[in-house]
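Q: any chance you could fold what I've pasted below:
(one chain, ligands or ions: 1)
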Amino acid sequence: EKGGYRHFMLKEIYEQPRAIADTLAGRIPDDQADVVLEGLGLSDAELQSFRKVFLVACGTSWHAALVGKFLIEKLARVPVEVDIASEFRYRDPIVDEGTLTILISQSGETADTLAALREAKGKQGKAVAICNVVDSSIARESDGVIYTHAGPEIGVASTKAFTTQLVAFILLALRLGRARKSLTDERLGSIIAALKTLPSKIQDTLAACEHMEEIARIYAQATDFLFLGRGNQYPIALEGALKLKEISYIHAEGYPAGEMKHGPIALIDDQLPVVVVATQNESFEKVFSNMEEVRARGGQVVVITDCADDGLKGKADVVLPIPSIADELMPVLTSIPLQLLAYHFAVLRGTDVDQPRNLAKSVTVE
Ligand code: F6R
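A: Coordinates of the predicted model:
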């Protein structure tokens, strides 16, 4: 049942080209440059009417929401607020008929996220879900749903469920941007063209990570890790840190790289490996200088980048080059090396990768 893989988590990481092809199937038809979200249940007029969007989730799904904010604000130009479900549900959030609340949940059964959905609906807002499990409670109670179609995820640490959530957000942001006329035909066409190449780019990214176990060995004795990224890669830094904590029990923190100088920089010494996600967008140079600040203080830098420039080699202890794709889709690719890094650390430490201590696949108590 593990298909020859040592753990479900590894199998699920390698399933991502297929899982994402399934998320996309039937939603970007060849004959027309537009997105079809069959279960969304919202008309163009409704999509135009929203003045505010809330994205509400827990854990890894909350990280997907943080990426979702970038996508929706960029492509649909509507203000987005991201909240953790256990906070949103108890703070009397400002929701009205002009608010769209989007609940993100792999299982569709997370107690706090379900309560957040009821809270939003109780205030007359529209609420739709991004879910993996068909007919789950959150999917059933929402006004509409985008299924991620990742297939069953057995490993407790979410991998393919996360990257398919990112893809669902891209589709939703395109649909919203289209309805709100904030997206030109040209931009829509170019993102759709990039989406079509995504499964094969994921395959190439998996191939680019074949030496990840050796990288993990270099830092096998480390007790703490820092993960840094900016912009749409900042949530990926958070997710990289969460994956490492969950399955290897190594302490890790994710930070927006620009925040480093406001505190975490005090942690940096030659015992602290820092994983930097540096993709070629408008923040590349800034991330790069954050990396130099870490190096100047003796920190060990592992950089994950789509920049193929050899000049990078002398600037970091380990450079992991991955393929490049449209910036909106880069978070899908950068997630993969971080999943594999966490996986190999956990295997080296001999933890129970698929069933980490104290964690459950579906958190149905608050
Ligand atoms: C982390 C992880 C958890 C879940 C969280 C929400 O790998 O799996 O953080 O993301 O418990 O679960 P769902 O998405 O089912 O609501």
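Q: ok and the residue in the stretch 151-300 of the chain nearest the ligand?
A: residue 158 (3.5 Å; Cβ to the nearest ligand atom). C-beta here means a position set from N, CA and C on the backbone, and glycine is covered the same way.
Q: so which helix or strand of this structure has the lowest pLDDT on average?
A: helix 284-296 (a mean of 93; mean pLDDT, DSSP states H and E).
Q: touching it from outside, list them.
A: 228-230, 233, 257-258, 260-261, 265, 268, 274, 276-278, 301, 303, 307, 315-316 (Cβ atoms under 8 Å, 6 or more residues apart in numbering).
Q: sorry, back to before: for the residue of the stretch 151-300 of the chain closest to the ligand, which non-adjacent residue is closest in space?
A: residue 60 (4.3 Å; Cβ to Cβ, 6 or more residues apart in numbering).
Q: pretty sure the one you found is touching residue 164, no?
A: No. The criterion here is Cβ atoms under 8 Å, and residue 60 misses it with residue 164 at 11.6 Å.
Q: for these two, indicate the residue with more neighbours.
A: residue 164 (28 against 23; other Cβ atoms under 10 Å).
Q: pretty sure the more buried one sits in a strand.
A: No. Counting by DSSP: H, G, I helix; E, B strand; the rest coil, residue 164 is not found in a strand; it is helix.
Q: retrieve the pLDDT associated with it.
A: What the model reports for residue 164 is a pLDDT of 98.
Q: ok, now residue 112?
A: At residue 112, the pLDDT value in this model is 98.
Q: ok, residue 257 next?
A: pLDDT, read off for residue 257, is 96.
Q: which ones are touching the closest residue to the ligand within the stretch 251-366 of the chain?
A: For the stretch 251-366 of the chain, the residue closest to the ligand is residue 363, as judged by Cβ to the nearest ligand atom, at 4.8 Å. Shown in contact with residue 363 (Cβ under 8 Å, 6+ apart): 58, 110-112.
Q: would you list the phi and psi of it?
A: Note on residue 363: its backbone torsions stand at phi -100, psi 90 [degrees, to the nearest 10].
Q: can you check residue 196 too?
A: phi -70, psi -30.
Q: hmm, residue 188 is touching residue 34, no?
A: Yes. Applying Cβ under 8 Å, one finds residue 188 in contact with residue 34, separated by 7.4 Å.
Q: any common contacting residues for the two?
A: residue 178.
Q: now residue 124: how far from the ligand?
A: 24 Å (Cβ to the nearest ligand atom, to the nearest Å).
Q: and for that residue, the neighbour number?
A: There are 11 residues near residue 124, going by other Cβ under 10 Å.
Q: that one sits in which helix or strand?
A: In the assignment (DSSP states H and E), residue 124 maps to no helix and no strand.
Q: try residue 236
A: Residue-wise, residue 236 maps onto helix 234-248 under DSSP H and E.
Q: tell me the helix or strand right after that helix.
A: From helix 234-248, the next helix or strand downstream (DSSP H and E) is strand 251-256.
Q: show me what contacts residue 215?
A: 302, 318, 320, 341, 344.
Q: export the helix or strand containing it to PDB, keeping only CA atoms.
A: Using DSSP H and E, residue 215 falls within helix 212-218. This file holds the C-alpha atoms of helix 212-218, laid out as PDB (Å, rounded to 0.1, in the frame of the first residue of the first chain):
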ATOM      1  CA  MET A 212      18.500  15.800   0.000                       C
ATOM      2  CA  GLU A 213      19.400  13.000   2.300                       C
ATOM      3  CA  GLU A 214      23.100  14.000   2.100                       C
ATOM      4  CA  ILE A 215      22.200  17.600   2.900                       C
ATOM      5  CA  ALA A 216      20.200  16.400   5.900                       C
ATOM      6  CA  ARG A 217      23.300  14.500   7.100                       C
ATOM      7  CA  ILE A 218      25.400  17.600   7.100                       C
END
